[in-house]
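Undergrad: Show me how the following folds:
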Amino acid sequence: MQLSDSLELYQWLEKQELLKDKPPLWWPDHGTFDVIVGAILTQNSKWEKVERSLENLRENDLLSLEALSQIDSDLLMTSITPSGLYKTKTRYLKSLASAVLDEFDDFELFCRDVDREWLLAQKGIGPETADSILCYACSRAQMVVDTYTARLLSAFGLEYETYEDIQSWCTSGLAAIYEEEQLAEVYALFHGMIVEYVKANSKGKVVTIAHDY
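TA: Predicted coordinates:
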């Protein structure tokens, strides 16, 4: 049970139609400001809880850079309570909204001009969150990897020590085949398929590889 490269894994996952009932590029509201907020709220939280927080923010008309930068912290904490760590995430959201406005003026310019280094310099944003924002909010060719990715690769006997090592394995096989303009979509779908497969085929932290591989 040995994978030759990430293209082989991508094609195997693709055959299973894991995303057939999901949004076109997996992450809900792909290409919108909601993705930035969701990427922070999903830290150490289940997506179902994040959706409840996003709905609270939507109902209170708070899903914008201007609203989050100016909102009273107590109201924001109340709105995102379902996601957990609401005090910390309130600080992160307010700080990031203000920084984006100061540096880029609006969401559209942010998506066009932001780079990974700038994101990583912001409070509360690590590699996974930065890559999620670039991939799903900004439609960049940026591969997101996470614990699901590490667990799936481990089930195939592939062990890597760092985020960057896992990311390099995931991108190398695909970047050799797909054109640059295709990779933003390919990486978005690849990450989504990995997450959906692992969620559906795990017992505890052990991932089961389907018999058809």
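Undergrad: what's around E17, how many residues?
TA: Counted by other Cβ atoms under 10 Å, the residues lying close to E17 total 10. Where you see a C-beta, it was placed from the backbone N, CA and C, and this is true even at glycine.
Undergrad: er, F107 I mean
TA: The tally of other residues near F107 (other Cβ under 10 Å) stands at 18.
Undergrad: quick one, what contacts it?
TA: F107 is in contact with 33, 65, 100, counting by Cβ atoms under 8 Å, 6 or more residues apart in numbering.
Undergrad: out of everything not next to it in sequence, what's closest to the second one?
TA: Distances taken as Cβ to Cβ, 6 or more residues apart in numbering place A97 nearest to L65, at 4.8 Å, with adjacent residues excluded.
Undergrad: quick one on the thing from earlier: buried only: go through the contacts of F107 for me.
TA: Applying a neighbour-count criterion of 16 or more other Cβ atoms under 10 Å, the buried members of the contacts of F107 are 33, 65, 100.
Undergrad: Quick check, pLDDT for the second one.
TA: Which is L65. As summarised for this prediction, L65 has a pLDDT of 97.
Undergrad: ok, it touching V100?
TA: Yes - the pair formed by L65 and V100 meets the contact definition of Cβ atoms under 8 Å, at 5.6 Å.
Undergrad: before we move on, the earlier item: report the separation between the residue nearest to L65 and H191.
TA: For A97, the distance to H191 equals 25 Å [Cβ to Cβ, to the nearest Å].
Undergrad: Follow the chain on from the longest helix anywhere in the chain and name the next helix or strand.
TA: Longest helix of the chain, by residue count under DSSP state H: helix 180-200. Sequence-wise, the next helix or strand beyond helix 180-200 is strand 202-203, with elements assigned using DSSP states H and E.
Undergrad: average pLDDT for that following strand?
TA: Here strand 202-203 scores 90 as its mean pLDDT.
Undergrad: same check, this time on stretch 139-149
TA: Across stretch 139-149, the per-residue pLDDT values average to 97.
Undergrad: so how far is the first residue of that stretch from its last?
TA: Criterion Cα to Cα, to the nearest Å; first-to-last residue distance in stretch 139-149 is 20 Å.
Undergrad: What are the contacting residues of it?
TA: Counting contacts by Cβ under 8 Å, 6+ apart, the residues touching stretch 139-149 from outside are 30-31, 111, 116, 128, 131-132, 134-136, 163, 166-167, 170-171, 180, 183-184, 186-187, 190-191, 194-195, 198-199.
Undergrad: now swap in stretch 17-30 and tell me
TA: When contacts are taken as Cβ under 8 Å, 6+ apart, the neighbours of stretch 17-30 outside the stretch itself are 31, 34-35, 38, 51, 132, 135-137, 139, 185, 188-189, 191-193, 195-197, 200.
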